[in-house]
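J.: A predicted structure for the sequence below; I have some questions about it.
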Amino acid sequence: MQPWYDLASHRQWLQGETVNLLDFGRNVVHPDGGAGVLDDNGQPILDQPVYTWISCRMVHVYSIGALLGLPGSKPVAQNVLDGLSTRLRDADGGGWFSSIGADGPEADKSAYAHAFVLLAGTSATRAGLEGGRELLDDAIAVFEKYFWDEQAGKLVDTWNTDFSELDPYRGINANMHGVEAMLAVADVTEDPIWLLRAQRVVDFVIDQAKGHDWQIPEHYDATWVPLLDYNDDRRDDQFKPYGVTIGHSLEWARLILHLEASLDKLGLPHGDFLDASRSLFRAAVDKGWHVDGEPGFVYTTDWEGVPVVRGRMHWVAAEGVGAAAALWHRTHEDEYAEVYAAWWDYIDVHLIDHERGSWFHELDVENVPAAIVWPGKPDLYHAVQATLIPRLPLTPSLASAIAEGLIK
């Protein structure tokens, strides 16, 4: 059977899903500035905080919508960016608040949020948004001053509001999105230092995964010693769950191949990234997919591969199709085309809300919509990217590739 990647009809379906998703979120702009958390019907939940990371993700996807020529996308991106550049920006202390709610700004500044500011800045720049390049330049300055640890070759995680106190916790999640952002910054600025920084992070992650049966420790102390029991008492934490996060293994499998392609393009040396990508992918699938009697990826496992949080998160399936697409692009091996098709079938049957739009963000162990970890349908980032990655080359990054007319 002809792989779906080669079918114009499949690419047309992906484009249709991109359009559907962006149409669902078109009311995301919060009246006070930034992007609201979306409910099940695509309306902003006004009594929820406005999060910097969600606002950045919405700037990113609607900038891509503008680059795709989808009417209405650019005004959404511009309006959210305006809130990101004003309300969410700390004009006194520098950087961006993680969120702002009814009681004021959240009292920390995180690498996770600032990585997404970088990503938003690159996409806004590519889309020609007013203030896009200024946002990117500002984000680069803050990122280099406070979050990139040159000696460690990785990102620190969390500062207090005035950048006077650094939390000893170190995390892989922020570094993962840091790598994604650094790839995009390298494309926009044409400065290879960002690829070399990303490479240092990736080399560390690969080394850690090799030592843990191709499972990635997520949590570390200030000296980068893994904390394997971290949050054992809060196993379903939204950002720092205990154990192995299956979706992150899939996401890393993809990002490693994007970095490989970017380094190869410039003739820069690197390790065996393809083997690492394959190994991470295989371990995630073996331990995460359809392992408890029902289709779908479990959220987390313990270090023996036993499921811990068995709920199905939409973003894990999205990263599954993205990783399978990247590995197929890299190898053209049938196994990746086969799981890619199977996972889109799963997404269509269980995750896409064919009545109200977008994707259910969380399902229970029987694939029934749930709201234990993630209520509502907060943002579009993972789902939109899942519809784009199969239609793009491994390099440059998404917005840059679309700006250069490389989408199929």
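T.: Yep, that arrived. Numbering: from 1, shown residues only.
J.: for the chain, which segments count as strands?
T.: 50-51, 99-101, 104-105, 109-110, 148-149, 154-155, 158-159, 170-171, 219-220, 244-245, 300-301, 312-313, 362-363 (DSSP state E).
J.: give me the contact list for the last one.
T.: Here strand 362-363 makes contact (CB atoms under 8 Å, 6 or more residues apart in numbering) with 296, 311-314, 350-351, 369-374. Yep, even glycine has a C-beta here, placed from its N, CA and C like the rest.
J.: what about it, distance to the chain center?
T.: 18 Å (CA atoms, centre = their mean, to the nearest Å).
J.: ditto for the longest one
T.: Using CA atoms, centre = their mean, the mean C-alpha position of strand 99-101 is found 21 Å from that of the whole chain.
J.: list the buried residues of it.
T.: Burial within strand 99-101, assessed by neighbour count using 16 or more other CB atoms under 10 Å, is assigned to 99, 100.
J.: helices or strands up against that strand?
T.: Using 3 or more CB pairs under 8 Å, 6 or more residues apart in numbering; DSSP states H and E as the contact criterion, the secondary-structure elements in contact with strand 99-101 are strand 50-51.
J.: what average pLDDT does the strand it packs on get?
T.: The average of the pLDDT scores along strand 50-51 is 97.
J.: what do you get for stretch 280-291?
T.: pLDDT averaged over stretch 280-291 equals 98, rounded to a whole number.
J.: what are the buried residues along that stretch?
T.: Residues of stretch 280-291 classed as buried under the neighbour-count rule (16+ other CB under 10 Å) are 280, 281, 283, 284, 285, 287, 288, 289, 291.
J.: of those, which belong to helices?
T.: By the criterion of DSSP state H, membership of the buried residues of stretch 280-291 in helices covers 280, 281, 283, 284, 285, 287, 288.
J.: my guess is the fourth one contacts residue 249. True?
T.: Put plainly, it is residue 284. Yes: under the criterion of CB atoms under 8 Å, residue 284 lies in contact with residue 249, with a separation of 3.8 Å.
J.: so what's the residue count around residue 36?
T.: Around residue 36 sit 27 other residues, with neighbours defined as other CB atoms under 10 Å.
J.: between the contacts of strand 362-363, which is nearest residue 32?
T.: Taking CB to CB as the measure, residue 374 is the one of the contacts of strand 362-363 closest to residue 32, at 22.7 Å.
J.: of the contacts of strand 362-363, grab the buried ones for PyMOL.
T.: Remark: buried members of these, expressed as a PyMOL selection using 16+ other CB under 10 Å:
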select buried, resi 296+311+312+313+314+350+351+370+374
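J.: how about a markdown table for the contacts of strand 362-363, with pLDDT and distance to residue 330 added?
T.: Below are the contacts of strand 362-363 laid out as a markdown table (pLDDT from 0 to 100; distance: CB to CB, whole Å):
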| residue | pLDDT | distance to residue 330 |
| --- | --- | --- |
| 296 | 98 | 25 |
| 311 | 94 | 31 |
| 312 | 96 | 27 |
| 313 | 95 | 25 |
| 314 | 97 | 25 |
| 350 | 98 | 28 |
| 351 | 98 | 26 |
| 369 | 96 | 34 |
| 370 | 93 | 35 |
| 371 | 83 | 36 |
| 372 | 78 | 35 |
| 373 | 73 | 32 |
| 374 | 67 | 31 |
